[in-house]
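below: sequence and its predicted model.
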Amino acid sequence: MIALSLGRLAAAAGARLDQVTDPDALVTGPFSFDSREVAAGGLFACLPGSTADGHDFAAQAVSAGAVAVLATRPVDGVPALIVPDVLVAMAAIATQIAAAYTGVVIGLTGSAGKTTTKDILRAILALDGKTVATEKSFNNELGFPVTVSRVESGTGYLVLEMGARGPGHIAALCQVAPPTIATVLGIGSAHIGEFGSREAIAAAKSEIVQALPPLGMAVLNADDPLVMAMADQTEAGVMTFGTSPGSTVRATDIQVDAQGRPGFVLLHREESGTVQLRVHGRHNVTNALAAAATALAAGVPFATVLAGLEAAEIVSGDRMQVSTRADGVTVINDTFNASPEAMLAAIDALEDIAGAGRRRIAVIGEMAELGDQAETWHATVADRLTASGTDHLVTVGGNHAVALAETAREAGISAEHAETGQSVAEQANKVLRPDDVLLIKGSNALGLGAVARKLAAMTTA
């Protein structure tokens, strides 16, 4: 963290100092809200949880190295900044930190692929300078200030993933740490049940480009008309990426290897170079292009961008993680989330990796937050499974998952629904044969990540 005194942080948050003996004591570490992960010199946020209250761990946090705690009430023997609302205070302090930061602030949003793009972009930027980026998918009003608090005076790049569950969410995040570069990946159907339409989702995402200064840069997906329309909503410069002719940063000659890892030729102005990604799934070409364009917009040399693309790995977990068991079964774990577009992309990866000679098995979780489009999207997934030649399907979840299995059976796919209480991993493993390819895809709420990890450790009977 950029070192700031307790007194200055208290002023930023409108806090009252309690049991603080030295207002000039410096906070040099980031926020933490888990007492088991307290950073030395940091500030512990006493947040209420579903099963515990952070105030009960305040003393433990200070013993572990926190300079003070951010709290709504005094805690005996603990130096504290007392505020009405801890989350609001965290945002206010993060705003102060961002104002003191002199590096490049990059905002990143889109309906799908944000975290993967962030991981790829971090790999590129780290070759050019010290980089802080959102951990995992901590892209909301809690994770955002935590990420901002991790910057230091020598940090060259701050990459902030921004999520939205309604209008105004991204605008609020941009007020905390205004981006100088804003990247928009694409507008899909994730959370469409809450927003009502893709156009409403686009309006919410466009808040990130509206927050740019005139000398900033909007990095937009040329293959998505709803994203490209955002070029008219900013006075900043515009850089585009995609496969469309005329894209500022473009991929041509796209191919995938036997593990579903894409390679392509990257073009930018008069420069070009071949790229072989380590990440799996042809849909990650778009994410790689977004990362490349963002890095180039930040002034990273083209050769460094190429090197970063080839070195990049997805480190955030449960996203296109491909492993092969001792019996030759290849397991594709893509269980962190499941928007309709991401679901279809994962099925494409299953088809690519299986190739012509291997059986294709899928464990598919019900897709949530789709509103009145849920039935249509689940039917679309059934059609794609059929077209991909899926041999067996196990569905997980409620009524839409049951209907998905029924639709697949009607199309000729062997399909079953995992009933409540059954072990999904054991149910799926019963149908596996050596050298099969198995896709596990679903939203994080269904707990399919644990199922995928269990399946990856099993063997066929």
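Received it, and whenever you're ready, just let me know what you need. Numbering: from 1, shown residues only.

where does the chain have its least confident helix or strand?
Least confident helix or strand of the chain, by mean pLDDT, DSSP states H and E, is helix 192-195 with a mean of 78.

list the contacts of that one.
Residues from elsewhere that reach helix 192-195 (Cβ atoms under 8 Å, 6 or more residues apart in numbering): 165-166, 198, 201, 204, 368-374. Backbone N, C-alpha and C define where each C-beta goes, glycine included.

farthest-separated two in these?
Greatest spatial distance among the contacts of helix 192-195 (Cβ to Cβ): 204 and 374, at 20.3 Å.

and for residue 53, the neighbour number?
Number of residues near residue 53 (other Cβ atoms under 10 Å) recorded here: 12.

got a pLDDT number for residue 190?
pLDDT recorded at residue 190 is 75.

before we move on, what about residue 251?
pLDDT for residue 251: 98.

distance of the most centrally placed residue in the chain from residue 291?
Centroid-nearest residue in the chain: residue 115, 2.5 Å away (criterion: Cα atoms, centre = their mean). Remark: distance between residue 115 and residue 291 (Cβ to Cβ, to the nearest Å) = 12 Å.

now do residue 6
With the distance defined as Cβ to Cβ, residue 6 ends up 38 Å from residue 291.

what's the answer for residue 21, then?
From residue 21 to residue 291 the distance is 46 Å (Cβ to Cβ).

give the contact list for residue 154.
With Cβ under 8 Å, 6+ apart, residue 154 has these contacts: residue 130.

and it, that one's in a helix?
No: read with DSSP: H, G, I helix; E, B strand; the rest coil, residue 154 is coil and lies in no helix.

hmm, back to that, most neighbours of all the contacts of helix 192-195, which one?
Result: residue 201 is most packed of those (other Cβ under 10 Å), 23 neighbours.

and that one, what element?
helix 198-205 (DSSP states H and E).

any weak-confidence spans in the stretch 251-400 of the chain?
Applying pLDDT under 70 to the stretch 251-400 of the chain flags no residue at all.

circling back to that earlier point, just want to know which of residue 6 and residue 291 has more residues nearby.
Neighbours were counted for residue 6 and for residue 291 using other Cβ under 10 Å; residue 291 has more, 33 against 23.

now the element after the one helix or strand the more buried one maps to, going C-ward?
Under the criterion of DSSP H and E, residue 291 resides in helix 284-297. Once the chain leaves helix 284-297, the next helix or strand it forms, by DSSP H and E, is helix 302-311.

now that next one against helix 284-297, angle please.
Interaxial angle, helix 302-311 versus helix 284-297 (axes from the mean of the first three to the mean of the last three Cα atoms, to 10 degrees): 150 degrees.

so which elements touch helix 302-311?
helix 114-125, strand 262-268, strand 271-276, helix 284-297 (3 or more Cβ pairs under 8 Å, 6 or more residues apart in numbering; DSSP states H and E).

now the angle between helix 114-125 and it, please.
Using the same axes, to 10 degrees: helix 302-311 against helix 114-125 is 130 degrees.

and the next element down the chain from helix 302-311?
Following helix 302-311 toward the C-terminus (DSSP H and E): strand 321-324.

now do that next one: distance to the chain's middle.
20 Å (Cα atoms, centre = their mean, to the nearest Å).

just checking, what packs against that strand?
strand 330-334.

hmm, 10 Å instead?
strand 330-334, strand 437-441, helix 448-457 (3 or more Cβ pairs under 10 Å, 6 or more residues apart in numbering; DSSP states H and E).

list the buried residues for it?
321-322 (16 or more other Cβ atoms under 10 Å).

partners of it, with directions?
According to DSSP bridges, strand 321-324 has the following sheet partners: strand 330-334 (antiparallel).

next, the angle from the strand it pairs with to helix 448-457.
Going by the same axes, to 10 degrees, strand 330-334 makes 170 degrees with helix 448-457.

next secondary structure element downstream of strand 330-334?
Immediately after strand 330-334, counting by DSSP H and E, sits helix 340-354.

partner strands of the helix or strand just after that next one, parallel or antiparallel?
Later in the chain than helix 340-354, the nearest helix or strand by DSSP H and E is strand 360-365. When sheet partners are counted by DSSP bridges, strand 360-365 sits next to strand 392-396 (parallel), strand 437-441 (parallel).

quickly compare those strands and say which is most buried.
strand 437-441 (a mean of 29; mean count of other Cβ atoms under 10 Å).

quick one: average pLDDT of that strand?
Strand 437-441 comes out at a mean pLDDT of 97.

what residues sit buried inside stretch 201-213?
201-212.

in JSON lines: those, plus distance to residue 140.
Shown next, in JSON lines, are these (distance: Cβ to Cβ, whole Å):
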{"residue": "201", "distance to residue 140": "16"}
{"residue": "202", "distance to residue 140": "20"}
{"residue": "203", "distance to residue 140": "19"}
{"residue": "204", "distance to residue 140": "13"}
{"residue": "205", "distance to residue 140": "15"}
{"residue": "206", "distance to residue 140": "19"}
{"residue": "207", "distance to residue 140": "14"}
{"residue": "208", "distance to residue 140": "14"}
{"residue": "209", "distance to residue 140": "20"}
{"residue": "210", "distance to residue 140": "19"}
{"residue": "211", "distance to residue 140": "17"}
{"residue": "212", "distance to residue 140": "21"}
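
a markdown table for these, including pLDDT?
Converted to a markdown table, the buried residues of stretch 201-213 look like this (pLDDT from 0 to 100):
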| residue | pLDDT |
| --- | --- |
| 201 | 92 |
| 202 | 94 |
| 203 | 95 |
| 204 | 94 |
| 205 | 96 |
| 206 | 97 |
| 207 | 98 |
| 208 | 98 |
| 209 | 98 |
| 210 | 98 |
| 211 | 98 |
| 212 | 98 |
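
so after the helix or strand harbouring residue 145, what's the next helix or strand?
Residue 145 belongs to helix 143-148 when assigned by DSSP H and E. Later in the chain than helix 143-148, the nearest helix or strand by DSSP H and E is strand 157-161.

how far is that next one from where the chain is centred?
On Cα atoms, centre = their mean, the centre of strand 157-161 falls 12 Å from the chain's centre.

strand partners of it, parallel vs antiparallel please.
Assessed with DSSP bridges, strand 157-161 is paired to strand 104-109 (parallel), strand 131-133 (parallel).

thought residue 118 was touching residue 158?
No: under the criterion of Cβ atoms under 10 Å, residue 118 is not in contact with residue 158, lying 11.6 Å apart.

so what sits against both of those two?
106, 133-134 (Cβ atoms under 10 Å, 6 or more residues apart in numbering).

looking at the helices and strands packed on strand 321-324, spot the one closest to residue 407.
Comparing the helices and strands packed on strand 321-324 by Cβ to Cβ, strand 437-441 comes nearest, at 16.5 Å.

narrow the contacts of helix 192-195 to those in helices?
Among these, the members falling in helices (DSSP state H) are 198, 201, 204, 374.

pretty sure residue 121 contacts residue 131?
Yes: at 8.5 Å, residue 121 counts as touching residue 131 under the criterion of Cβ under 10 Å.
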